[in-house]
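> quick one, what's the 3D model for this:
(one chain, ligands or ions: 1)
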Amino acid sequence: MDNNENSEVILKEIELKYQAINQKTETHLEGLLWSKPITYWDYIHTDALLSLQIQRTTLPDEMVFIMYHQVNELIFKMILWEMNQISYSENIKTDFFTERLMRISRYFDMLTTSFGIMEDGMEVDQYMKFRNTLTPASGFQSAQYRFIEFSSTDLINLVDHRYRDSIDRNTPFEFAFEHLYWQAAGKEYHTGKKSFLLEEFERKYKGMFLKHMEEYNTINIWQKFKQLPDLDQKNSELIKAMRHYDHTVNITWVMQHLNVAIKYIDQSGKGNGEATGGSDWKKYMHPKYQRRIFFPELWSVDELAHWGE
Ligand code: HEM
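The predicted structure is shown next:
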């Protein structure tokens, strides 16, 4: 096909496209004539993106902290994008499932291996100063992180293990929400009173969380895996990808994060050892105690017994 013929085919297809929505092709072609050519900065919205880094202090390392968190939120968004494709794919094939899961795992691998930016990329003295302006905010309040959890597994695996016996698939979402494992970090242990950090988080996001919990009840990653034909559920590549994802999110990332918290909050010899979010963080953040496991059926009894050790 020469260039002219090719243009004619494309024009015909454009005409069909606009006929279908009752629009004049001619008008749209004229619009094309006058439209501005696209540039990199308009397409990526560079100016908007680079105007979002706003410090609360004059300390230069606060910029590292802000920007690395923003990078995390962008990657979380990329992860949710892939998860959504798995969840909403009908008659999903193992190749597609495995390939998308590996995309997600690569993103989490990147977040894990880049944690040195937090661990070694800020002066402790500066961190201990600017963190006071962040109290009582905490990464704990990352809503996308919670959406990732809800999209990954059945709610029972996110419920505090002390309450798992009282919850099954018929339990109201609201009740399950109140017993999620992370509620422990935002509640006074003895009185059960919620901290300001948790109250604010729920005030903004609880409605969205309940909706997301319900939406993903039957289409989270674990449910999609269980809906595969029996033979596909035994696919070794897919199982490897599922286990890799579970391990990266719930052990590797968590341990990197905990080590950073220990370095700044505990070992710096500065401050009072309290987290900005105010949790009993050393215990709460350890995978051994938290026991957040997205796909427990894919681990052996022994592996489960030594989770996070
Ligand atoms: C110097 C760096 C960091 C320190 C010292 C730190 C410390 C903490 C602490 C102590 C907690 C427990 C809750 C609290 O009382 O605040 C927490 C939770 C959390 N942080 Fe960080 N964090 C750091 C960086 C990050 C980064 C870069 C992210 C990425 C978004 C992040 C995301 C989270 C999340 C999602 C939680 C909740 C985890 C869970 O519920 O298991 N943190 N962080």
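
> got the residues of the stretch 151-300 of the chain near the ligand?
For the stretch 151-300 of the chain, the contact set with the ligand under C-beta under 6 Å from any ligand atom comprises 182, 185, 257, 260-261, 264-265, 275-279, 281, 285. In short, each C-beta sits where N, CA and C put it, glycine included.

> those residues in helices, which ones?
When those are checked against helices (DSSP state H), the matches are 257, 260, 261, 281.

> and the furthest pair within the residues you listed?
260 and 281 (11.4 Å; C-beta to C-beta).

> low pLDDT regions in the stretch 1-150 of the chain?
Of all residues in the stretch 1-150 of the chain, none has pLDDT under 70.

> most proximal residue of it with respect to the ligand?
Using C-beta to the nearest ligand atom, the closest approach of the stretch 1-150 of the chain to the ligand is made by residue 139 at 2.5 Å.

> from residue 13, how far out is that residue?
Distance of residue 139 to residue 13, given as C-beta to C-beta, to the nearest Å: 48 Å.

> just residue 143 next, same as before
In terms of C-beta to C-beta, residue 143 sits 41 Å off from residue 13.

> show me which of those two is the more surrounded one.
Taking other C-beta atoms under 10 Å, residue 143 and residue 13 do not tie; residue 143 has more neighbours (15 against 9).

> chain neighbours aside, what residue packs nearest to that one?
For residue 143, ignoring the flanking residues on the chain, the nearest one in space by C-beta to C-beta, 6 or more residues apart in numbering is residue 205 at 4.9 Å.

> residue 260 and residue 281: who's more crowded?
residue 281 (21 against 17).

> list phi and psi for the closest residue to that one other than its chain neighbours.
In this structure, residue 281 finds its nearest non-sequential neighbour in residue 275, 4.3 Å apart by C-beta to C-beta, 6+ apart. Main-chain dihedrals, residue 275, degrees, to the nearest 10: phi -80, psi 150.

> what's the longest helix in this structure?
helix 61-87.

> that one near the ligand at all?
Yes - remark: helix 61-87 sits within contact range of the ligand at 68, 69, 72, by C-beta under 6 Å from any ligand atom.

> name the helices or strands packed onto the helix or strand residue 174 falls within?
Using DSSP states H and E, residue 174 falls within helix 173-178. In this structure, helix 173-178 packs against helix 196-215, with contacts taken as 3 or more C-beta pairs under 8 Å, 6 or more residues apart in numbering; DSSP states H and E.

> the helix or strand following the helix it packs on: which residues count as buried?
Note on helix 196-215: by DSSP H and E, the next helix or strand toward the C-terminus is helix 221-226. Across helix 221-226, burial judged by 16 or more other C-beta atoms under 10 Å covers 221, 222, 224, 225.

> what's the answer for stretch 256-273, then?
256, 257, 258, 260, 261, 264, 265, 271.

> now, the most widely separated pair of the residues you listed?
256 and 271 (20.9 Å).

> still on that earlier bit, and the contacts of the helix holding residue 174?
155, 159, 167, 206, 209, 210, 213, 214 (C-beta atoms under 8 Å, 6 or more residues apart in numbering).

> any idea how far stretch 262-278 is from the middle of the chain?
25 Å (C-alpha atoms, centre = their mean, to the nearest Å).

> correction: the previous question concerned stretch 212-223.
Remark: stretch 212-223 is offset 15 Å from the chain centroid, using C-alpha atoms, centre = their mean.

> again with stretch 14-28
40 Å.

> cool, stretch 141-153 as well?
5 Å.

> list the buried ones in it?
Within stretch 141-153, the residues that count as buried by 16+ other C-beta under 10 Å are 141, 145, 146, 147, 148, 149, 150, 151, 152, 153.

> contacts for it?
With C-beta under 8 Å, 6+ apart as the criterion, stretch 141-153 contacts 72-73, 76-77, 79-80, 83-84, 87, 139, 158, 182, 197, 200-201, 204-205, 208-209, 212-213, 216, 220-222, 245, 249, 277, 292, 294-295.

> let's see it at 6 Å
Outside stretch 141-153, the residues within contact range by C-beta atoms under 6 Å, 6 or more residues apart in numbering are 76, 79-80, 83, 158, 201, 205, 212-213, 216, 220-222, 294.

> export that stretch as CSV, just CAs?
C-alpha atoms of stretch 141-153 as CSV (Å, rounded to 0.1, in the frame of the first residue of the first chain):
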residue,chain,number,x,y,z
GLN,A,141,-1.8,7.9,56.4
SER,A,142,-0.9,6.9,52.8
ALA,A,143,-4.3,6.0,51.4
GLN,A,144,-2.8,4.4,48.2
TYR,A,145,-0.8,2.0,50.4
ARG,A,146,-4.1,0.8,52.0
PHE,A,147,-5.8,0.5,48.6
ILE,A,148,-3.0,-1.7,47.5
GLU,A,149,-3.6,-4.0,50.5
PHE,A,150,-7.4,-4.2,49.9
SER,A,151,-6.7,-4.9,46.2
SER,A,152,-4.2,-7.7,47.1
THR,A,153,-6.0,-10.1,49.4
